[in-house]
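> One predicted model, sequence on top.
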Amino acid sequence: MKARELREFTVDELLTKETELSEQLFALRVQKVTGQLEKPSKVGEVKRDLARVLTVLREMRDEAGGS
């Protein structure tokens, strides 16, 4: 998911997306430890998506703060 697409979301939608990605990352890590992970690159993708969501949330918070 691109940051450009994320900027169109509302804050509530981004918070929901953050929760989803955090849960997905946890599940992938569990699969990795148990040897059930079929696509190891998925962990990196989810981590990058989570970082993008957090970055866009921080940008929105800074804009609302009026800095």
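Now that the structure is in, tell me what you want to look at. Residues are numbered from 1 along each chain as shown.

> Next, name the residue at the spatial heart of this structure.
residue 50 (1.9 Å; CA atoms, centre = their mean).

> Spatially nearest residue to that residue, not counting backbone neighbours?
residue 21 (4.3 Å; CB to CB, 6 or more residues apart in numbering). Just so you know, the C-beta spots here come from the backbone N, C-alpha and C atoms, and that holds for glycine as well.

> Show me which residues of the lowest-mean-pLDDT helix or strand in the chain are buried.
Across the helices and strands of the chain, the lowest-confidence element by mean pLDDT, DSSP states H and E is helix 3-6, at a mean of 92. For helix 3-6, burial by neighbour count (16 or more other CB atoms under 10 Å) applies to residue 6.

> Counting by contacts, list what it packs against.
Where contact means 3 or more CB pairs under 8 Å, 6 or more residues apart in numbering; DSSP states H and E, helix 3-6 is packed against helix 41-65.

> how distant is the helix it packs on from the center of its chain?
Computed by CA atoms, centre = their mean, to the nearest Å, the separation of helix 41-65 from the middle of its chain amounts to 6 Å.

> And for that helix, what's in contact with it?
For helix 41-65, the external contacting residues (CB atoms under 8 Å, 6 or more residues apart in numbering) are 1-3, 6-7, 9, 11, 14-15, 17-18, 21-22, 24-25, 28-29, 32, 37.

> Just the residues you listed: which are in strands?
Judged by DSSP state E, strands contain none of these.

> Give me the buried subset of those.
By 16+ other CB under 10 Å, the contacts of helix 41-65 give 6, 9, 14, 17, 18, 21, 24, 25, 28, 37 as buried.

> Next, the contact list for the third one, please.
Neighbour list for residue 14: 6, 53, 56, 57, 60 [criterion: CB under 8 Å, 6+ apart].

> and the second one, how far is that from residue 3?
Yep, that's residue 53 we're talking about. Taking CB to CB, to the nearest Å as the measure, residue 53 and residue 3 are separated by 9 Å.
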